[in-house]
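Colleague: got a sequence here, can you build the structure:
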Amino acid sequence: MELRDNVADILERETKSTILSWLRRVDAEPEIITVRLSDEERCAHLRNIFRDLVARLRNPLPLGTRALISEAADDHGCLRRVQGYTPAMLVEESRMLQVSIFQTLQDHLIDLDLGVVLKDVMTIADEVDSQLAQSMASYMLEASREVELIRP
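Modeller: Prediction:
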């Protein structure tokens, strides 16, 4: 019987191409590209997000369990606030990340162990949403700090 790749292996191997796919989607989104950033600035957080995601896939938690705190997600939320993103832009970025990840898996479906794909896809959605929630929390904290600085 031929050994198949697991989702973590494919995402680890295809991180760069998945990030490029995500960047193409973001670059095509008129609202997001109103915030002028270099490709490097726009993608800076993604390598760490993928590292966290692959670690979660390799060390699964029960679905719905609060994921481990992600420093990358916290930093990302604060940075996007400073860069001028809106909360909706953060959500859209996250949505496009899930689409890009799922497209990568679709492109490599023949290589995957189909016995675990559904569980891993649910884990990916759970982890990406958890990281979005952490980014949003740090974004809002940064916003409240800005308000405190403005108040007399």
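Colleague: where does this structure have its least confident helix or strand?
Modeller: Using mean pLDDT, DSSP states H and E, helix 117-150 stands out as the lowest-scoring helix or strand of the chain, at a mean of 86.
Colleague: buried sites along that helix?
Modeller: By 16 or more other Cβ atoms under 10 Å, the buried positions in helix 117-150 come out as 120, 123-124, 126-128, 130-132, 134-136, 138-139, 142. Using the backbone N, CA and C atoms, a C-beta is placed for each residue, glycine as well.
Colleague: mind giving me the packing neighbours of that helix?
Modeller: helix 7-13, helix 46-58, helix 71-83, helix 87-107 (3 or more Cβ pairs under 8 Å, 6 or more residues apart in numbering; DSSP states H and E).
Colleague: and the angle for it with helix 87-107?
Modeller: For helix 117-150 against helix 87-107, the angle by axes from the mean of the first three to the mean of the last three Cα atoms, to 10 degrees is 160 degrees.
Colleague: any idea which of the helices and strands packed on helix 117-150 gets closest to W22?
Modeller: helix 87-107 (4.1 Å; Cβ to Cβ).
Colleague: who's in contact with stretch 106-124?
Modeller: Outside stretch 106-124, the residues that touch it by Cβ atoms under 8 Å, 6 or more residues apart in numbering are 4-8, 10, 14, 53, 56-57, 60, 63, 98, 101-102, 105.
Colleague: ok, back up a step: so which of the helices and strands packed on helix 117-150 gets nearest S21?
Modeller: Going by Cβ to Cβ, the one of these nearest S21 is helix 87-107, 4.4 Å.
Colleague: what about the closest one, average pLDDT?
Modeller: Average pLDDT, helix 87-107: 96.
Colleague: now do stretch 27-45
Modeller: Computed over stretch 27-45, the average pLDDT equals 93.
Colleague: backbone dihedrals for G64, please?
Modeller: Note on G64: backbone dihedrals following degrees, to the nearest 10 are phi 90, psi -10.
Colleague: hmm, it is touching E127, no?
Modeller: No. Counting by Cβ atoms under 8 Å, G64 stays clear of E127, with 11.4 Å between them.
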